[in-house]
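> fold the following, please.
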Amino acid sequence: MNTKKITDEKDLKTAFAIRQKVFIEEQKVPEEEEFDEFDKLDAACDHILVYFNDQPVGTGRLRVVDGYGKLERICILIEFRKFGLGKVIIQSLEEIALKKGLTKYKLNAQSYAEGFYEKLGYKREGEEFMDCGIPHILMKKQFNKV
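Okay, the predicted model is just below:
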């Protein structure tokens, strides 16, 4: 299990294919809502891939929004879930944010995944809301140096 920051179009297309399978095919998110202006190499965000046995099986991205590192588009192909790859993606995105000098993180979690993010130090803020027909909650985390 390792992650790689995306730096070329080939890897970006691989990330898009994973998102296509998870969000559009599996979760029925409309394609026009899944892909946006940040889905390019020169956009103001960082994309990563996570690998299992040298195969790219998950992805996520990080943007800087209002002083927060905002973790987005986090997903893993269904057959590779339960191997701890979600935690690997989150930690990798947090490391990228930390290198940018960010110590606060946030994400819009699908509500069913709230417990997963709580185990990683995220805390729920506010009420549940709908995004692309899926219930979500805002979750935040503050990095504390030990």
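
> residues in contact with the helix or strand hosting Glu33: which ones?
Using DSSP states H and E, Glu33 sits within helix 31-34. For helix 31-34, the external contacting residues (CB atoms under 8 Å, 6 or more residues apart in numbering) are Arg19, Gln20, Phe23, Ile24, Arg73, Cys132. Backbone N, C-alpha and C define where each C-beta goes, glycine included.

> am I right that the second one is in a helix?
Put plainly, it is Gln20. Yes. The secondary structure assignment for Gln20 places it in a helix, going by DSSP: H, G, I helix; E, B strand; the rest coil.

> number of nearby residues for Lys99?
Number of residues near Lys99 (other CB atoms under 10 Å) recorded here: 10.

> quick check: it vs Met1, distance?
Lys99 sits 20 Å away from Met1 when distances are taken as CB to CB, to the nearest Å.

> most widely separated two among the contacts of helix 31-34?
Of all pairs drawn from those, the greatest distance, 14.1 Å, lies between Gln20 and Cys132 (CB to CB).

> any idea how far the helix holding Glu33 is from the chain center?
The gap between where helix 31-34 is centred and where its chain is centred comes out at 16 Å by CA atoms, centre = their mean, to the nearest Å.
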